[in-house]
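Peer 1: fold the stuff below for me.
(chains A and B)
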Amino acid sequence: MRMTWVAAVAALAFAGAAHAADIKPAVVYDLGGKFDKSFNEAAFQGAERFAKDTGITYRDFEVQNDSQREQALRNFARRGFDPIVAIGFSQAQAIEKVATEFPDIRFAIIDMVVDKPNVRSIVFKEEEGSYLVGMLAAMASKTGTIGFVGGMDIPLIRKFACGYVQGAKSVKPDITVLQNMTGTTGAAWTDPVKGGELARSQFDRGADVVYHAAGGTGIGVLQAAADADKLGIGVDSNQNALHPGHVLTSMLKRVDNAVYTAFEDAQNGSWSNGVQVLGLAEEGVGWALDENNDKLVTDEMKDKVEAATSKIISGDIKVHDYMADNTCPTS
Amino acid sequence: MEAVLPVLDSAVRLSVPLILAALAGLFSERSGIFDIGLEGKMLIAAFAAGAVAGVTASAWLGLAAAVVASVAFALVHGYASITQRGNQIVSGVAINFLASGLTAFLGQAWFSQGGRTPPVPAGGRFAEIELPGAEALRGVPLVGPVYAELISGHNLLVYLAVLAVPLSAWILYRTRFGLRLRAVGENPAAVDTAGISVAWLRYRAVMIAGIFCGFAGAYLAIAQSAGFIRDMTAGKGFIALAALIFAKWRPWPVLGACFLFGLLDAISIRLQGARLPIVGEVPVQAIQALPYLLTVVLLAGFIGRAVPPRAGGVPYVKEH
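Peer 2: Coordinates of the predicted model:
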């Protein structure tokens, strides 16, 4: 009861303070849409949490095609929205252009670096989160073969794959990791049929755990894993609940925290431009454990992953970043 | 053998939507109505199937909804190109755009999941069927594994799609309706002179196309996957159209062409990341271009001239 009071008083004080620096934040989602059960939905949840905590409303927009990105950003900027957060690497060009046109407005972009004085670029150390789920996959695998299904074949997705392989090999050096990419165009993010087929092809070759980094295509991967009574690994948001008992874990990319912090910083006046790299240490990435998968993850697995987590944070384990030199030390 | 069977199995699964869509195109185009809108009809059908099966948890209701939606779109195409004598290509392209926009819009408005339908529960999907004796025969060399893995263990729509091929051949070549349908695509004036309604014949052909596309869409949404995702047909309608031309508008070759395309797709999936002798690891891009490259090469050099039905694309105007 007392806690509630404290919270209420704090909220009141906060609301009073917030009044002075009221902001008009906005979010522009990427093509998957804000309810993609994955990347964009995480951003949506961050924005919603901020709105609930502070009572400040925000506006958002879901682009339906590439040409709308610039229009949406410019529209928000012209109407005085500030800060404007763009979700996804594909927005980089649009942000660069609109940020130049509106130098007084603060922009943020997720998953890409845009070198402008009024842009905060937020990137994640996906390789660290993928390393951890790679360890889990290797420990859960009974066949000694695990799989990875990527969406579009771009360096960012190879980064997921590379971290995953490193993690798996750290537990079982002789493990085989099958890797497939869905395609080379944007359609590779929305093809669940192909995703399912890729997963089945990996199961046929002996894999029993498959990790996806493929957006909507990944829904088909997880479905195929559930149908075949194997294990899938989700990505970006917590996807454990999609098929309870058949999703080993999910690699969390805390886009929600990034959006929340961006809004909060703008409100408190502690906004900073430039590059922000969020890894395990910053709780920008992680893995999901909840009631849907607690039977799949044994205590031993949990201990090992937690040990690796602290070693990565302390720097004792260095996870190679594929995008640093576009190569992966193991495959 | 162990490496080949899963690839063939995967080829069967991948070729089913192509077979159904190509048969749809076969009926429509044989009656003289070009159908660029196979893709759009499949998409709206997949959406209807995913939405209805997701809400009711019944695969059969999903299939019914898919057929109804697809036939409705087919009738729009029919009205534009038969009754209004519009340009059939333009109408087909319009169907594709309409389906792509409408499914995303309705999906968002009804389910607010970014144009996706809710995940279909177990009863809302066509489950895999184990054919009798599959397990008992598995031990028999050669025949056993082929029967148990390749022939058995698909869902109902796969078997229906394969059965649809002889059925279509029988309808087109052995029934009076089929004879008239083929005639109206070659020489509608002669059919008209014989006192048969050209418009009604063509409407029936277009509706049959709608039914087949409905099955194809339902297969994508509630058999192969568990729900609709925006633009999930991913160009299969156009591949089916290519297969139809490839097969020179005949039912049995349609089966062959579609299976070939499915097989290329399945092989391209297996070859990814595999190391081949001499060339080493093949880049993803090269593998994925393979089906298209082969299509062009085969179309250019090997199948000879593909002659479409003579009255195809020409609206029929009765002489006075």
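
Peer 1: any idea whether whichever residue of chain A sits closest to chain B is helix, strand or coil?
Peer 2: Per CB to the nearest CB, A:Gly33 is where chain A lies closest to chain B, at 2.5 Å. Yep, even glycine has a C-beta here, placed from its N, CA and C like the rest. Three-state assignment for A:Gly33 (DSSP: H, G, I helix; E, B strand; the rest coil): coil.

Peer 1: any idea how far B:Ala94 is from it?
Peer 2: As for A:Gly33, its distance to B:Ala94 is 24 Å (criterion: CB to CB, to the nearest Å).

Peer 1: what about the closest residue to B:Pro6 other than its chain neighbours, neighbour count?
Peer 2: Spatial nearest neighbour of B:Pro6, excluding adjacent residues (CB to CB, 6 or more residues apart in numbering or on different chains): A:Asp204 at 3.9 Å. A:Asp204 sits with 18 neighbouring residues when counted by other CB atoms under 10 Å in any protein chain shown.

Peer 1: pLDDT weak spots in the stretch 201-320 of chain B?
Peer 2: Residues of the stretch 201-320 of chain B that meet the criterion pLDDT under 70 lie in B:273-276, B:279-280, B:284, B:291, B:301-304, B:320.

Peer 1: tell me the contacts of the closest residue in space to the residue of chain A closest to chain B that isn't next to it in sequence?
Peer 2: Among residues not flanking A:Gly33 along the chain, B:Gly114 sits closest, at 2.5 Å (CB to CB, 6+ apart). Contacts for B:Gly114 (CB atoms under 8 Å, 6 or more residues apart in numbering or on different chains) come out as A:Gly32, A:Gly33, A:Lys34, A:Phe35, A:Asp36, A:Asn40, A:Glu62, B:Gly107, B:Gln108, B:Arg230.

Peer 1: where does B:Gly114 land in three-state SS?
Peer 2: Look at B:Gly114: counting by three-state DSSP, its state is coil.

Peer 1: near chain A, which residues of chain B?
Peer 2: When proximity is defined as CB under 8 Å from any CB of the partner chain, chain B approaches chain A at B:6, B:10, B:13-14, B:104, B:108, B:112-116, B:119, B:220, B:224-227, B:229-232, B:234-235, B:266, B:269-270, B:272-273, B:284-285, B:288.

Peer 1: just to revisit the earlier point, adding distance to A:Ala262, write the contacts of B:Gly114 out as JSON lines.
Peer 2: Formatted as JSON lines, the contacts of B:Gly114 follow (distance: CB to CB, whole Å):
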{"residue": "A:Gly32", "distance to A:Ala262": "20"}
{"residue": "A:Gly33", "distance to A:Ala262": "20"}
{"residue": "A:Lys34", "distance to A:Ala262": "16"}
{"residue": "A:Phe35", "distance to A:Ala262": "21"}
{"residue": "A:Asp36", "distance to A:Ala262": "20"}
{"residue": "A:Asn40", "distance to A:Ala262": "15"}
{"residue": "A:Glu62", "distance to A:Ala262": "19"}
{"residue": "B:Gly107", "distance to A:Ala262": "29"}
{"residue": "B:Gln108", "distance to A:Ala262": "26"}
{"residue": "B:Arg230", "distance to A:Ala262": "28"}
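
Peer 1: before we move on, back to that, between A:Gly33 and B:Ala94, who's got more neighbours?
Peer 2: A count of neighbours by other CB under 10 Å puts A:Gly33 above the other of A:Gly33 and B:Ala94, at 25 against 18.

Peer 1: does the more buried one touch A:Phe44 like I think?
Peer 2: No. Applying CB atoms under 8 Å as the test, A:Gly33 and A:Phe44 come out as separate, 9.4 Å apart.

Peer 1: how about the CA coordinates for stretch A:101-119, as CSV?
Peer 2: The C-alpha coordinates for stretch A:101-119 follow below in CSV (Å, rounded to 0.1, in the frame of the first residue of the first chain):
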residue,chain,number,x,y,z
GLU,A,101,15.9,19.3,-44.0
PHE,A,102,14.9,19.6,-40.3
PRO,A,103,18.1,20.2,-38.4
ASP,A,104,16.3,21.3,-35.2
ILE,A,105,14.3,18.1,-34.8
ARG,A,106,15.8,15.1,-33.1
PHE,A,107,15.7,11.8,-35.0
ALA,A,108,16.6,8.3,-34.0
ILE,A,109,17.1,5.2,-36.2
ILE,A,110,17.3,1.6,-35.1
ASP,A,111,19.6,-1.0,-36.6
MET,A,112,21.6,1.5,-38.8
VAL,A,113,24.1,4.3,-38.4
VAL,A,114,23.3,7.6,-39.9
ASP,A,115,26.0,10.2,-39.5
LYS,A,116,24.1,13.4,-39.0
PRO,A,117,24.4,15.9,-36.1
ASN,A,118,20.7,15.5,-35.1
VAL,A,119,20.4,11.7,-35.4
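
Peer 1: by proximity to chain A, which residue of chain B wins?
Peer 2: Using CB to the nearest CB, the single residue of chain B nearest to chain A is B:Gly114, 2.5 Å away.

Peer 1: quick one: that residue from A:Ala288, how far?
Peer 2: Using CB to CB, B:Gly114 is found at 21 Å from A:Ala288.

Peer 1: do A:Ala228 as well
Peer 2: Separation of A:Ala228 from A:Ala288 (CB to CB): 22 Å.

Peer 1: which one of these two has more residues nearby?
Peer 2: Ranked by neighbour count (other CB under 10 Å), A:Ala228 and A:Ala288 place A:Ala288 first, with 21 against 18.

Peer 1: let me see the contact set for that one.
Peer 2: A:Ala288 makes contacts with A:Gly234, A:Asn238, A:Gln239, A:Asn240, A:Thr249, A:Ser250, A:Leu252, as judged by CB under 8 Å, 6+ apart.

Peer 1: at 6 Å instead, please
Peer 2: A:Ala288 is in contact with A:Asn238, A:Asn240, A:Thr249, A:Ser250, A:Leu252, counting by CB atoms under 6 Å, 6 or more residues apart in numbering or on different chains.

Peer 1: tell me where chain B has strands.
Peer 2: For chain B, the strands defined by DSSP state E occupy B:128-129, B:154-155, B:275-276, B:280-281.

Peer 1: other SSEs contacting the second one?
Peer 2: It stands for strand B:154-155. On a contact count with 3 or more CB pairs under 6 Å, 6 or more residues apart in numbering or on different chains; DSSP states H and E, strand B:154-155 meets no helix or strand.

Peer 1: what lines up beside it in the sheet?
Peer 2: Its sheet considered, strand B:154-155 pairs with strand B:128-129 (antiparallel) by DSSP bridges.

Peer 1: list the contacts of the strand it pairs with.
Peer 2: Residues from elsewhere that reach strand B:128-129, judged by CB under 6 Å, 6+ apart: B:Gly153, B:Asn155.

Peer 1: and that strand, how far out from the chain's middle?
Peer 2: 20 Å (CA atoms, centre = their mean, to the nearest Å).

Peer 1: let me see the mean pLDDT of that strand.
Peer 2: The pLDDT scores in strand B:128-129 average 86.

Peer 1: got it, and stretch A:217-232?
Peer 2: Per-residue scores along stretch A:217-232 average to 93.

Peer 1: so does it get close to chain B?
Peer 2: Yes. Judged by CB under 6 Å from any CB of the partner chain, stretch A:217-232 and chain B are in contact via A:Gly220, A:Gln223.

Peer 1: and that stretch, what's buried?
Peer 2: If you call a residue buried by 16 or more other CB atoms under 10 Å in any protein chain shown, then stretch A:217-232 has these buried ones: A:217-228, A:230-232.

Peer 1: helices - which of the residues you listed land there?
Peer 2: Taking DSSP state H, the ones among the buried residues of stretch A:217-232 that sit in helices are A:Thr217, A:Gly218, A:Ile219, A:Gly220, A:Val221, A:Leu222, A:Gln223, A:Ala224, A:Ala225, A:Ala226, A:Asp227.

Peer 1: the third one reaches A:Pro192, doesn't it?
Peer 2: Meaning A:Ile219. Yes. Under the criterion of CB atoms under 6 Å, A:Ile219 makes contact with A:Pro192 at 5.0 Å.

Peer 1: wait, isn't A:Ala228 in contact with A:Phe203?
Peer 2: Yes. Judged on CB under 6 Å, A:Ala228 makes contact with A:Phe203 at a distance of 5.2 Å.

Peer 1: brilliant, that's me finished.
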